[in-house]
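Colleague: here is a sequence together with a model predicted from it:
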Amino acid sequence: MKALVLAGGKGTRLRPLTDKLPKPMVPVANRPQLEHLLLLLRRHGIDEVVITLGYCGQEIEDYFGDGSRLDLRIAYEREESLLGTGGAIVQAKHHFDDSFLVCNADIVTDLNISALVHFHLERNALVTIATTWVEDPTPYGLVESDAKGRIQRFLEKPSLEEVTTNYINAGLYVLEPDALEWFPLRTPLSIEREVFPRLLERGKALYAYNSDNYWIDMGTPEKYILLHRHLLSRTAELPGCAFPASGVAVDKTTKIFAGARVIGPVLIGPRAQILPGATVGPFAVIGANTHVGPGAVVRDSVLWDGVQVGAGAELISTVVGQGTTVPPSVRFVQRAVTAETVTQER
């Protein structure tokens, strides 16, 4: 089976972190989120992937190339204008002549894709939508289904009074090529809000695969930090992202100076330096070539590659973008800062 990965979005809710970076390239545990997704596909036997590119798409192609590093074959489709999820699928349809997987590039999950595909084929479905249970479904699109999984209704961003199920669209689908005949020829086109309801109205075989696997929408800095808490505490695990039982994962090239404290769970990348008197952790991720200055504190935070934290600075529940210099003695709590915005955040 082949997969289509939709990677053309802008990730506006993660700004300023995504001002110059496509959301699928945002690092999760020190590697791009899209890499975790591709490794998940590979784990389930998918070795041919088409990636749609839009905003800052060249960064994605430059990083993954032809996919051989991940034992994949990757092709690319460029969106010259905003196509939407449905329009991007239509543009890429010439790659697919059999059942195929579609997934949003920014989803974070350990979904059992093999089980999803088996469910789809067993029911002879035209479309199967992976759904996931969430505590509060009101910001999302609900997917109501019967006992056999046949979809009965879609409800977009309901009020609390309208909620009839906590299962929501997880952004991952199995499609038959025949489904594409029902896609309107216009752009932008949303598969979630336009195509799926249209197929349901016409009585087509749409099914929901209800999953209890890990899933999180990391679309805001708060959720992004929460994701890393889950990974560091080992309540969630992604391909290529297993943490030791000790909770302390420090690259062998990292230098931790005398007098510095590292409190697990933490992940510290290559060539990082933790200087005397600094405290890192708990729940901290430190990127490659990042330096934490004397007396600085980094807790419940994610620092990308090449960050320089000044002496005595305190970072709590904060995300710091690549190459940012954090001035000495500042205190950031629940912030997302980049090299361009750090002075505004003081």
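Modeller: The structure has been received and is ready for your questions.

Colleague: in which helix or strand does the spatially most central residue of the chain reside?
Modeller: Nearest to the mean C-alpha position of the chain, by Cα atoms, centre = their mean, lies D106 at 3.3 Å. Of the helices and strands defined by DSSP states H and E, none includes D106.

Colleague: which ones are touching it?
Modeller: Taking Cβ atoms under 8 Å, 6 or more residues apart in numbering, we find D106 in contact with G9, G11, K23, P24, V26, Q33, L34, G171, M218, G219. C-beta here means a position set from N, CA and C on the backbone, and glycine is covered the same way.

Colleague: for the second one, give me the pLDDT.
Modeller: Among the per-residue scores, G11 holds a pLDDT of 61.

Colleague: what about stretch 244-253, average pLDDT?
Modeller: On average, the pLDDT along stretch 244-253 is 88.

Colleague: quick one: buried residues of it?
Modeller: Buried residues in stretch 244-253, defined by neighbour count with 16 or more other Cβ atoms under 10 Å: G247, V248, A249, V250.

Colleague: kindly report the same for stretch 190-203.
Modeller: Buried, per 16+ other Cβ under 10 Å, within stretch 190-203: I191, E192, E194, V195, F196, P197, L199, L200.

Colleague: so which elements touch the helix or strand hosting Y76?
Modeller: For Y76, the host element (DSSP H and E) is strand 73-78. Here strand 73-78 touches strand 48-53, helix 57-64, going by 3 or more Cβ pairs under 8 Å, 6 or more residues apart in numbering; DSSP states H and E.

Colleague: what is the helix or strand hosting V5 packed up against?
Modeller: Assessed by DSSP H and E, V5 sits inside strand 2-7. Using 3+ Cβ pairs under 8 Å, 6+ apart, the elements in contact with strand 2-7 are helix 33-43, strand 48-53, helix 84-91, strand 100-104.

Colleague: just flag the most distant two among the buried residues of stretch 244-253.
Modeller: Longest distance between any two of the buried residues of stretch 244-253 is 10.9 Å, between G247 and V250; criterion Cβ to Cβ.

Colleague: go ahead and confirm S233 touches L267.
Modeller: No: S233 is beyond contact range of L267, at 11.8 Å (criterion: Cβ atoms under 8 Å).

Colleague: show me which of these two is the more surrounded one.
Modeller: Taking other Cβ atoms under 10 Å, S233 and L267 do not tie; L267 has more neighbours (24 against 14).

Colleague: what does the strand or helix carrying that one rub up against?
Modeller: Element membership of L267, judged by DSSP H and E, is strand 266-268. Applying Cβ under 8 Å, 6+ apart, the external contacts of strand 266-268 come out as 29-30, 232, 243, 247-251, 254, 262, 274, 280-286.

Colleague: listing partners with orientation, what would you give for the next helix or strand after it?
Modeller: Next in sequence after strand 266-268, counting helices and strands by DSSP H and E, comes strand 273-274. Its sheet considered, strand 273-274 pairs with strand 255-256 (parallel), strand 291-292 (parallel) by DSSP bridges.

Colleague: among the ones you listed, which comes closest to W133?
Modeller: Of those, nearest to W133 by Cβ to Cβ is strand 291-292, at 38.1 Å.

Colleague: what average pLDDT does whichever helix or strand comes after that closest one get?
Modeller: Going down the chain from strand 291-292, the next helix or strand is strand 297-299, by DSSP H and E. For strand 297-299, mean pLDDT is 97.

Colleague: just the residues contacting strand 297-299, thanks.
Modeller: Residues contacting strand 297-299 (Cβ under 8 Å, 6+ apart): 278-284, 286, 292, 309, 313-317.

Colleague: what pairs with that strand, and is each one parallel or antiparallel?
Modeller: When pairing is defined by DSSP bridges, strand 297-299 lines up against strand 279-280 (parallel), strand 314-316 (parallel).

Colleague: so what pairs up with V337 in the strands?
Modeller: Counting by DSSP bridges, V337 forms beta bridges with V320.

Colleague: contacting residues for it?
Modeller: P16, T318, V319, V320, G321, T324, V326, E345.

Colleague: likewise for T290?
Modeller: T290 neighbours (Cβ under 8 Å, 6+ apart): G269, A272, Q273, L303, W304, D305, G306, V307, Q308, V309.
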